[in-house]
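In: got a predicted model here, sequence first, then my questions.
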Amino acid sequence: MINRIFPNTSPSNGLRILLDAKGYFITNTARDLSQSDFKNRILPHTDFAVADERDEAGFFSLEITGGASIHVDLLRKQINPFERLALLRKKMPRTMFQTLCRGINLFGYRPYPENVIRLTVKEFVKYVEVWRVFDFLNYVPNMIPVFEEVKKAGKYLEPAICFSTGPEHTDEYYVKKVHEIIDVTGKDIILAIKNHSGIGTPGRIFHLISAIKNVFPDLIIHYHGHNTDGNDVGRILASVKAGAKIVDAADHSMTGFFGPPAILTVIQVLEEEGYHAEGINKDAIIETSNKLKKIRPAYSQFESQFKGFDPTVHIHKLPGGAMGSSFEQAVKGNFLDKMPDILMKELPKVHIELGNFWSVTPGSQILWTTAVAHTLSGKRYENASQDLKNLMLEKYGPFPFRKPSDEIYEMVFGSNWKNILKNEAGCETCIPIDIDMERKKFEQAIGRPCDLEELVLYLQHPKDTIDFFKYEEEYGKTYILPPEIWFKKGGFAAGDIIKFEDYKGKHHQIIIGASNVREDSILTYMMIDHHPEPFVYRKEEKKEKVEKKIEFNLKEIDDLAEMGEIRAKINGVVIEIHAKENDIVNKGDLLLTIEAMKMLSNINSPINGIVKEIAVKLGNNIKQGDLLIRLKIKA
Amino acid sequence: MKNIKQFKKILIANRGEIAIRICRAAIEEGIQAVAVYETFDEETRHVHTANEAVWIGSGPRKDYLDIDRIIWAAKKSDCQAVHPGYGFLAENPELARACEKAGLIFIGPPVQVIQDLGDKTIARRLAEEAGLKIIHGSGILPKGQDGIDSAFNFTKKYGYPVMLKAVAGGGGRGIRRANSDDELLEQLPLAEKESVASFGDGRLYLEKGLIRPRHVEVQILADNYGKIVHMGARNCSIQRRHQKLVEIAPGMIRPELEKNICEAAVGYARHTGYTNAGTIEFLVDHDDQFYFLEINTRLQVEHTVTEAITGIDIVRRQIRITQGMPLDISQNDVLCRGFAIEVRINAEDPKQNFAPEIDKVVSVYQSPGGPGIRLDGMVYQGYKIPAVYDSLLVKLTVYGFTWSDTTSRLERALKNFVIVGPKTTIPFYIKIVQEKEFLSGQFDTEYIERHPELFDYRSLEREEAKIAKLLALIHHKKYNPFTE
């Protein structure tokens, strides 16, 4: 009999099946593969194309959402992340979906207020059965709201301990962490060993898991690793030998260098060692990869420019998910030649200096940007980013092993650092936001009522969510387009026929017609289902007028305001406009609301007057000194 | 003895859908239709629909309003009569007078009737004489401070709200509402300015405003021999800034009330010596009292709904009456059966204050069909929304046996349109036809103001057309800008 856990299997039964199984289970980490080896660009179209085969394959779960994917869905794939999951669920009724949640940072980079966290989890649990939750400082209190909501919803809670190497990273430390977690969650959990950088030898992993299993013999352990050094299969084998019941791997025809290793390789190696892959249909796994093999070339532009495994990851410890983007940044920023210095010298040095915590989001970004800044400027810890300051003020949570040295505090905060530390240090408590007010702002921006899922997206990424819904209204549900169309470069050829099935299942064909290129525009006729329609594209002005920007200081801005010329005092986004042209306003009347650094601030009329000009639109990004409103002074 | 003069040819002094509507009626009557056009309109549909066409100048607009040119065109093409349609010169007694002088027959009421009833103060006086209630008015306000004083005297006597109206106004234009002294002071100079700009006449008067009033109007037909029949009522309460948006037949009021109003309208027509087709408009207050509002001495845009529920062609009757034929129907022949709704599909963006989509080209036009659908349109594939004329594309009139048959048919028909190019009022009408108050048949002139959510609609563009837009962008930019 095939041993399988289905989406409707209750966690208590599921955990029992896992515990009783002789062999091990496999999670297909498609999301992490996309993140690590394709700069997170694998489209839903591709996941839909192999949905049948993957559903047949018998995985414990498909890791398909979470991490940065929510944001990237909205920003670069133009799909509602909830809709993506709903569609995939229809195509894959038998496989549990798994997410990666950054605890208090949810799917973003900074802490969210607790009411946002709870609402977000409540909406996503409708689609996601397995919740891997981590904190980059392994600080358990940061994960509690998510833990509670997942438990409440009756889903699989999978708290993670982030793993790294070095003298601080002892078995005792990690066992103590497991205690801390179980004290909060109870024993009915899956524990993830999150080896996001793919470091440590197989031996180290064996010892760690053995140490945990020694204290918690009935605990289900899920090993997650990356194949950056080319040896994750070795670590997976060691983890299963030590008692791990679930391991992470990915479809072999898509594997690269920094993501998970190939599922089939894992199965073959472990079979030889006497471990049976539970529930697995190998033919379906092979069939999935046969299909993906044909699709992969469409994504070639997103694969790492640098081929080959990188065993130096044991030194720089970059997480697999950040490898591709780091190299991309180096190419774009023109500092590729500095990479050996950054990766081999500065990054490991900064990492140790800042306390050897776990190089994973958002900590990995802080380490990376700090090391890059140091290397490129030649100056260390000057002009520290706000994120680094927040880290050092322990706003993300306490340092796990030790604080950075006094010298570094002084370099970052100046001579007054002790006072700053005394007054400002400590975990940031995010004030709950007024969700109803946010809803109103959002609905105003999109010009229609929203549902809770849409609101949740807005609460995570306000601007990008508004942009996405505007995009969707303009261009429709374009996730039905395959990657070769979505990423098409250089235009189509006249006569190209593009066939697709829209989201309602209706078939259409569009034939690209001839283009009429004029000086400032291009006109192309396209046959849409046999009807010709013209499409005009206005070429952008070659060189935008370089407007000489006059800079104003705050005093000047105040003076101008008294004369009716209201300029921005802070950088931000215009989220509400309360006045319209020709309105008569009195001193103190509300004119605009600006969001800056997630804070709302009102701009009130400084004088009695008449609104002559509103120079900004809803959603505009504004910089200090930008003109907002011009008033005519009323005598 | 009946004085019958059979027309061979008539001139249609109008453009667009109403010119086409009149062409159709004329041709069905066995009469040749002659169109007139300005240069801007040389390719448009009404020119093609007519049997002949006469160019009257380079326009824009001014030549359709030029009485001399209209008369010249009619004489040149050997027409015996002129039909003015609605708008342009339709209610200008000078056209009727010029026709008379030139030996042409004006298809409409007699000159004096147009002239008298076009002056609202006279029309209201006649209404009182005929025993109709009118909404209390101030009389024409004197200029300057005296006008302000007498306006305040009026509001002290009758209270707020009051409506400010242009003496020369019509078609809902030149009407403003004031709810307080402050608003009245603010609105007076604006209304005067607007009235001068629109009608060349700045004279204003005040009227007492009603509470959630319904706009009910009665279509009448009167021949030259004293026979007057009404063709039931229409409800045009759904208005935006006093411009009708949705027109319905019958009156959507209690049957006895509708009967009383229709009879009152016939009485008014008799009292004023009215002939031909006309519409008497009333406001019905929340207590079912009805007040004479004005009379339109012409064919109206919304005549189609009356035609739908009565089965009687009003335009053909207009032509026959003018030829001197006695009206071939008696009041007993007018049977109102079922419900009809007409909406004006305009190339406008409701979200931008109904701004016309000027210069946009209709690249695809597909219209609905099937039972109960009538289209009076002038749009075609390639039609460019003119800056100089109105933005009407097509009037949709749907008919159904019950109110809910009709509303669901309207929704279906609206959704069956495919119009690519300009934004249209279609999605806004779909919101109305899905709205509960509308579906229950309850509406008054404040309906649109009360339902701002009607403007919260999503685009109705076809999915494949949206995706085509993205493909065109990928093609033209040579990459997909939404992947960055």
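Out: Okay, I see it. As the structure is a computational prediction, the values presented were derived from the model and not from experiment.

In: any idea how far the strand or helix carrying residue B:215 is from the chain center?
Out: In this structure, residue B:215 sits in strand B:214-222 according to DSSP states H and E. Relative to the chain's own centre, strand B:214-222 is displaced by 12 Å; criterion: Cα atoms, centre = their mean, to the nearest Å.

In: and if you look at stretch B:228-237?
Out: Relative to its chain's centre, stretch B:228-237 lies at 14 Å (Cα atoms, centre = their mean).

In: what's the weakest-modelled helix or strand in the chain?
Out: Answering for chain A, as no chain was given. Sorting the helices and strands of chain A by mean pLDDT, DSSP states H and E puts strand A:599-604 at the bottom, at a mean of 75.

In: should've been chain B
Out: Per mean pLDDT, DSSP H and E, strand B:173-178 ranks last in chain B, at a mean of 78.

In: packing partners of whichever helix or strand comes after that strand?
Out: Next along the chain after strand B:173-178, taking DSSP H and E as the criterion, comes helix B:181-199. Helices and strands touching helix B:181-199, by 3 or more Cβ pairs under 8 Å, 6 or more residues apart in numbering or on different chains; DSSP states H and E, are helix B:144-158, strand B:162-170, strand B:173-178, strand B:204-208. All C-beta atoms are positioned from the backbone trio N, CA, C, and that covers glycine.

In: figure out which of these is closest to residue A:80.
Out: strand B:173-178 (43.5 Å; Cβ to Cβ).

In: please parse chain B into its domains.
Out: B:9-107, B:136-208, B:214-455 (automatic domain parsing).

In: what do you get for chain A?
Out: Structural domains assigned to chain A are A:13-302, A:333-424, A:490-546, A:554-633, following automatic domain parsing.

In: need the ones you listed in a markdown table with mean neighbour count, can you?
Out: Listed next are those as a markdown table, based on neighbours: other Cβ atoms under 10 Å in any protein chain shown:
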| stretch | mean neighbour count |
| --- | --- |
| domain A:13-302 | 21 |
| domain A:333-424 | 17 |
| domain A:490-546 | 14 |
| domain A:554-633 | 16 |
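
In: closest to residue A:306 out of the domains of chain B?
Out: domain B:214-455 (47.5 Å).

In: now the terminal residues of that closest one, how far apart.
Out: The first and last residues of domain B:214-455 sit 22 Å apart, counting by Cα to Cα, to the nearest Å.

In: so for it, what's the average pLDDT?
Out: For domain B:214-455, the mean pLDDT works out to 95.

In: contact partners for the residue nearest to residue B:298 when sequence neighbours are not counted?
Out: Excluding the flanking residues, the one nearest residue B:298 by Cβ to Cβ, 6 or more residues apart in numbering or on different chains is residue B:90, at 4.2 Å. Going by Cβ atoms under 8 Å, 6 or more residues apart in numbering or on different chains, residue B:90 touches B:14, B:84, B:108, B:298, B:299.

In: which ones are touching the closest residue to residue B:339 other than its chain neighbours?
Out: What sits nearest to residue B:339 in space, not counting adjacent residues and going by Cβ to Cβ, 6+ apart, is residue B:406, at 4.2 Å. By Cβ under 8 Å, 6+ apart, residue B:406 lies in contact with B:338, B:339, B:340, B:341, B:372, B:398, B:399, B:400.

In: now do the contacts for residue A:232.
Out: Each residue near residue A:232 by Cβ under 8 Å, 6+ apart is listed here: A:198, A:225, A:226, A:260, A:261.

In: in TSV, list the contacts of residue B:406 along with neighbour count.
Out: Shown next, in TSV, are the contacts of residue B:406 (neighbours: other Cβ under 10 Å):
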residue	neighbour count
B:338	17
B:339	25
B:340	27
B:341	29
B:372	18
B:398	28
B:399	25
B:400	20
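
In: returning to what we had before: closest to residue B:433 out of the contacts of residue A:232?
Out: Nearest to residue B:433 among these, with distances taken as Cβ to Cβ, is residue A:260, at 53.5 Å.

In: list the contacts for the closest residue to the closest one other than its chain neighbours?
Out: Distance criterion Cβ to Cβ, 6+ apart; nearest residue to residue A:260, sequence neighbours excluded, is residue A:250 at 4.2 Å. Applying Cβ under 8 Å, 6+ apart to residue A:250 gives the contacts A:28, A:29, A:30, A:32, A:33, A:259, A:260, A:261, A:262, A:263.

In: which of the contacts of residue B:90 sit farthest apart?
Out: Pairwise across the contacts of residue B:90, and taking Cβ to Cβ, the largest span is found between B:14 and B:108, at 12.3 Å.

In: so which of the contacts of residue B:90 is the closest to chain A?
Out: Distances from chain A to these, taken as Cβ to the nearest Cβ, are shortest for residue B:14 (31.1 Å).

In: next, the closest one: secondary structure please.
Out: Per DSSP: H, G, I helix; E, B strand; the rest coil, the secondary structure class of residue B:14 is coil.

In: how many other residues sit next to it?
Out: 26 (other Cβ atoms under 10 Å in any protein chain shown).

In: where does it land on pLDDT?
Out: 97.

In: torsion angles phi and psi at it?
Out: When quoted as degrees, to the nearest 10, the phi and psi of residue B:14 stand at phi -160, psi -180.

In: contacting residues for it?
Out: B:22, B:46, B:64, B:83, B:84, B:85, B:86, B:87, B:88, B:90.

In: now do the same contact list for the residue lying closest to residue A:606 once chain neighbours are set aside.
Out: Once flanking residues are discounted, residue A:606 sits nearest to residue A:561: 4.3 Å by Cβ to Cβ, 6+ apart. Neighbouring residues of residue A:561 by Cβ under 8 Å, 6+ apart: A:567, A:606, A:607.

In: what's downstream of whichever strand or helix holds residue A:522, the next helix or strand?
Out: Residue A:522 is part of strand A:521-528, with elements assigned from DSSP H and E. Downstream of strand A:521-528, the first helix or strand assigned by DSSP H and E is strand A:531-538.

In: can that following strand be said to contact chain B?
Out: Yes: counting by Cβ under 8 Å from any Cβ of the partner chain, chain B is contacted by strand A:531-538 at A:531, A:533, A:534, A:535, A:537.

In: surely the third one and residue A:521 touch.
Out: Going back to what we said before, that points to residue A:534. No: using Cβ atoms under 8 Å, residue A:534 is not in contact with residue A:521, being 11.0 Å away.

In: please enumerate the shared neighbours of those two.
Out: Shared contacts of residue A:534 and residue A:521, counting by Cβ under 8 Å, 6+ apart, come down to nothing at all.

In: closest to the centroid, which residue in the chain?
Out: Since you didn't name a chain, this refers to chain A. Central residue of chain A (Cα atoms, centre = their mean): residue A:68, 1.1 Å from the mean position.

In: that's the other chain; I wanted chain B
Out: residue B:301 (3.6 Å).

In: where does that residue land in three-state SS?
Out: Residue B:301 carries the three-state label coil when classified by three-state DSSP.

In: okay, it and residue B:403: tell me how far apart.
Out: Residue B:301 sits 22 Å away from residue B:403, going by Cβ to Cβ, to the nearest Å.
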